[in-house]
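Peer 1: below is the sequence, then the predicted model.
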Amino acid sequence: MNLAPSPMADRPLTILVSQQAADTFGEQIADLLAARPYRLITLEQQPNPDGSYDTDIAFLSRDVTGRSGKTQLAPTLLRFYEIIRASPHLALIQMSASGADRPIYAEMRARGVQVCTSTGANSGPVAQMAFTGMLMLARRMPELLESQRRHAWEPLLGARAPVDLKDQTALVVGLGAIGREIARLLRAIGMPVLGVRRGNAPDCVVDETYSFDTIDTALPRAHWVLLACPLTSLSRGLLDARRIAMLPHGARVINIARGEVLVEQDLIAALRSGQLGGAYLDVLQSEPLPTESPLWDMPNVLITPHTAGHTAGMYAAVGEIFLDNLRRFRDGDALRNPLD
């Protein structure tokens, strides 16, 4: 794909961005496109007389997504969808996220639009958040924080003493950029680490590798299951009641993948029975999590609002991928992080 003249050669390359993205990356875009007429449009752009827009490239930055959940979409995101759906020349969408399971992406791809993720932009922070949640559960921090709330001095002694992590085995499901960084952190503290990926070819980042087809073989050894895989036909409903029952009694689950990878009602039942000893959930089946969900009040559950990847540096990191793909688009080179 390149910027060769199109049947509408008199029309400048049109790039849809937020005002914040225009302010932040405008000079770099100008440098990249110095030899080609272009224009930036924002969400306030008025349509052509026929109701269409001239958008060729659309950058879905994090400020556009806003506080959108799975069913409650921010007005800015709805406006972004409105414009790209009415853009017959749209060739490329650059996402700010690594997960591409929103229906809009399948819709755009069916039209022949290239969709690129921002995989790698926040793999470090997400892995660190998963690791933090694991450490909090391992060191029984929810109990200690409850003791603090009651002004009670209750050391973790005897039966309450945490089990050493080096004596437990972790299973990382998904060995992409995030899963690999999680595995690196776990091995750095001396934990045996098993990994699950599409194939079962050995991977040096983990001690043993399993495929999604052979994951049942690994589950009885996994004191910790860390879900870091994309939502696909292979991973949807992956951890259900049958598989949870295969884990050691008291095993714990970390989910920074997608809520649908874990069957939520089966998770709740296993937490209540003690088959699972705890969970850290940054993603859930319904986002925002309904106020009536029992997960909110379970003492062995940590919940964060799908925020594992949010850091002050994320906007710039995603912008670097967008600018790199803009350069690649300009030069006709292979794009970075395209959806398969």
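Peer 2: Everything's here; your move.
Peer 1: and Arg139, what does it touch?
Peer 2: Leu156, Pro162 (C-beta atoms under 8 Å, 6 or more residues apart in numbering). Where C-beta positions appear, they are placed from N, C-alpha and C, glycine not excepted.
Peer 1: buried residues in stretch 72-89?
Peer 2: Within stretch 72-89, the residues scored as buried using 16 or more other C-beta atoms under 10 Å are Leu73, Thr76, Leu77, Arg79, Phe80, Tyr81, Ile83, Ile84, Ser87, His89.
Peer 1: just give the nearest non-adjacent residue to the last one, would you?
Peer 2: When you say that, I think you mean His89. Asp56 (5.4 Å; C-beta to C-beta, 6 or more residues apart in numbering).
Peer 1: wait, that neighbour touches Leu13, no?
Peer 2: Yes. Asp56 lies in contact with Leu13 (C-beta atoms under 8 Å); the separation is 5.3 Å.
Peer 1: the residue nearest to His89: what's it in contact with?
Peer 2: Per C-beta under 8 Å, 6+ apart, neighbours of Asp56: Leu13, Thr14, Ile15, Ser87, His89, Leu90, Ala91, Leu92.
Peer 1: again with Leu16
Peer 2: Leu16 neighbours (C-beta under 8 Å, 6+ apart): 40-43, 45, 53, 55, 57-59, 80, 83-84, 87.
Peer 1: quick check: pLDDT value at it.
Peer 2: Predicted confidence (pLDDT) for Leu16: 98.
Peer 1: same question for the one 3 residues further on.
Peer 2: Here the pLDDT value assigned to Gln19 is 98.
Peer 1: now do Arg150
Peer 2: Confidence score, pLDDT, at Arg150: 98.
Peer 1: ok, now Ala201?
Peer 2: 85.
Peer 1: distance of it relative to Pro305?
Peer 2: 36 Å (C-beta to C-beta, to the nearest Å).
Peer 1: more crowded one of the two?
Peer 2: More neighbours surround Pro305 than the other of Ala201 and Pro305, with 14 against 8 (other C-beta atoms under 10 Å).
Peer 1: spatially nearest residue to that one (excluding sequence neighbours)?
Peer 2: Pro288 (6.9 Å).
Peer 1: could you check how many residues crowd around that neighbour?
Peer 2: 14.
Peer 1: ok, back up a step: closest to Leu295 out of the contacts of Leu16?
Peer 2: Phe80 (30.7 Å; C-beta to C-beta).
Peer 1: helices or strands next to the host helix or strand of that closest one in the packing?
Peer 2: Per DSSP states H and E: Phe80 is located in helix 75-85. Packed against helix 75-85 by the contact rule (3 or more C-beta pairs under 8 Å, 6 or more residues apart in numbering; DSSP states H and E) you find strand 13-16, strand 57-59, helix 62-65, helix 103-110.
Peer 1: that one: how far from the chain's middle?
Peer 2: 21 Å (C-alpha atoms, centre = their mean, to the nearest Å).
Peer 1: and whichever strand or helix holds Ala127, what does it pack against?
Peer 2: Per DSSP H and E: Ala127 is located in helix 123-138. Counting by 3+ C-beta pairs under 8 Å, 6+ apart, the packing neighbours recorded for helix 123-138 are helix 177-188, strand 224-227, strand 251-255, strand 276-281, strand 301-303.
Peer 1: now do the buried residues in the following helix or strand past the second one.
Peer 2: Okay, so that is strand 224-227. Per DSSP H and E, strand 224-227 leads on to helix 241-246 as the next helix or strand towards the C-terminus. Buried residues in helix 241-246, defined by neighbour count with 16+ other C-beta under 10 Å: Arg243, Ile244, Met246.
Peer 1: Val173 contacts Ala183, correct?
Peer 2: No. Counting by C-beta under 8 Å, Val173 does not reach Ala183; the two are 10.8 Å apart.
Peer 1: list the buried ones in stretch 126-145?
Peer 2: Going by 16+ other C-beta under 10 Å, stretch 126-145 has these buried residues: 126-134, 136-138, 140-142, 144.
Peer 1: on that earlier part again, JSON lines for the helices and strands packed on helix 123-138, including distance to Ala106 and mean pLDDT?
Peer 2: Listed next are the helices and strands packed on helix 123-138 as JSON lines, based on distance: least, C-beta to C-beta, whole Å; pLDDT from 0 to 100:
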{"stretch": "helix 177-188", "distance to Ala106": "22", "mean pLDDT": "97"}
{"stretch": "strand 224-227", "distance to Ala106": "22", "mean pLDDT": "98"}
{"stretch": "strand 251-255", "distance to Ala106": "23", "mean pLDDT": "98"}
{"stretch": "strand 276-281", "distance to Ala106": "26", "mean pLDDT": "98"}
{"stretch": "strand 301-303", "distance to Ala106": "29", "mean pLDDT": "98"}
